[in-house]
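# coordinates only, sequence not included:
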């Protein structure tokens, strides 16, 4: 929705009028999706239900059972995965000039009543992207399936490292909201379509410098069977995180800027590798020959390892402080205002 620049201050923290759209990827959710849609409050302006080639024909079921004028059903000719269905809804909402896009699952595990709280950081211009955190309240984790709890715990740290958002604790949570400022700057065609979608979104958000904030919420589990096999997709997640970590480090510390921190990383890795390899070779020779190595050899192997680890820890400490802090909508609003003032001064 267009804003009157004369009456708006960039630094203002008060919420502004925005068009809010909810995107619901639909795959095997026929039994619960209607209930989810009916639970969406009047604060939402549009609802996009994306039938991802659902064998239960969830889209047809929605058209037949829901009379809400806000609802629009989109049909994918082939299954694109949860990420592909969500991105199809994002594109439709952006074409309709919506300001805030919310992804809500159709299986009832996310409370639609939480949408106002989820979009609050975006409305108050504190963040470009907000996401749920199911682990904030410890008592809420007691009802979470053990496999899901263990899988999320195992992937949490590597997700922090690969995305650069060290402040995010529940990176795989799919209850998210994104501001159009950020969504339009994302390369939507490059984001993964599978279950790695949420983590890949965070990686690309970090590359464009978007601010992310978590909102505590309680997940609802009713004994339904998840389409996600945590241990089955573990290799996919780990390989994706390794790839994104490498790309993020290269983009942020070598391609866009080279500093002392970049040197620390290079020297740290080289020293650590040298110490480990040299120490392993000397240790093997000592085992084969039965002759203990001298103190000098031991120091020559241990010292590079210690220094290398220290350099790498220093780099990680620096990286943890590089989390984006100024939202894109504030940053670009300010740039637009400065350009307008500059044009006004330059005009004869």
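Yep, it's here. If you're wondering where the values come from, they're calculated on a predicted model, not measured in any experiment.

# So what sits opposite residue 131 in the bridge?
When assigned by DSSP bridges, residue 131 has beta-bridge partners residue 176, residue 214.

# what comes up buried for stretch 68-82?
When burial is assessed from 16 or more other CB atoms under 10 Å, stretch 68-82 yields the following buried residues: 71, 72, 73, 74, 76, 80, 81, 82. C-beta: built from backbone N, CA, C; applies to glycine.

# Help me confirm that the fourth one comes into contact with residue 92.
Yes: under the criterion of CB atoms under 8 Å, residue 74 lies in contact with residue 92, with a separation of 6.2 Å.

# What residue spans form the domains of this structure?
What automatic domain parsing lists as the domains of the chain is 5-252, 258-341.

# Distance check, the residue nearest to residue 320 when sequence neighbours are not counted against residue 203.
Among residues not flanking residue 320 along the chain, residue 166 sits closest, at 4.5 Å (CB to CB, 6 or more residues apart in numbering). With the distance defined as CB to CB, to the nearest Å, residue 166 ends up 13 Å from residue 203.

# ok, now residue 300?
Residue 300 sits at a distance of 39 Å from residue 203 (criterion: CB to CB).

# Which one's more surrounded, the two?
More neighbours sit around residue 203 than around the other of residue 300 and residue 203, counting by other CB atoms under 10 Å; the figures are 25 against 16.

# A helix includes that one, no?
Yes: the assignment for residue 203, made by DSSP: H, G, I helix; E, B strand; the rest coil, places it in a helix.

# Check whether it really touches residue 159, as I assumed.
No: Residue 203 is not in contact with residue 159 according to CB under 8 Å; the separation is 9.2 Å.

# Give me the distance between the most centrally placed residue in the chain and residue 168.
For the chain, the residue sitting closest to the mean C-alpha position, by CA atoms, centre = their mean, is residue 202 at 2.7 Å. For residue 202, the distance to residue 168 under the criterion CB to CB works out to 7 Å.

# between the two, what contacts are shared?
Taking CB atoms under 8 Å, 6 or more residues apart in numbering as the contact rule, residue 202 and residue 168 both touch 159, 212.

# Overlap in contacts, residue 74 and residue 92.
Where contact means CB under 8 Å, 6+ apart, the residues bridging residue 74 and residue 92 through contact with each are residue 48.

# For the stretch 101-250 of the chain, just list every one of the helices.
Residue ranges of the helices in the stretch 101-250 of the chain, as given by DSSP state H, counting those that start in this stretch, are 115-123, 146-163, 180-185, 197-208, 234-250.

# which one of those has the lowest average pLDDT?
Looking at the helices of the stretch 101-250 of the chain, the lowest mean pLDDT belongs to helix 146-163 (a mean of 77).

# Chain neighbours aside, what residue packs nearest to residue 83?
Skipping the residues right next to it in sequence, residue 83 comes nearest to residue 197 by CB to CB, 6+ apart, at 2.9 Å.

# Kindly report the same for residue 194.
On the basis of CB to CB, 6+ apart, the spatially nearest residue to residue 194 that is not a chain neighbour turns out to be residue 81, at 4.6 Å.

# Let me see the contact set for the one you found.
Contact partners of residue 81, counting by CB under 8 Å, 6+ apart, are 52, 193, 194, 195, 197.
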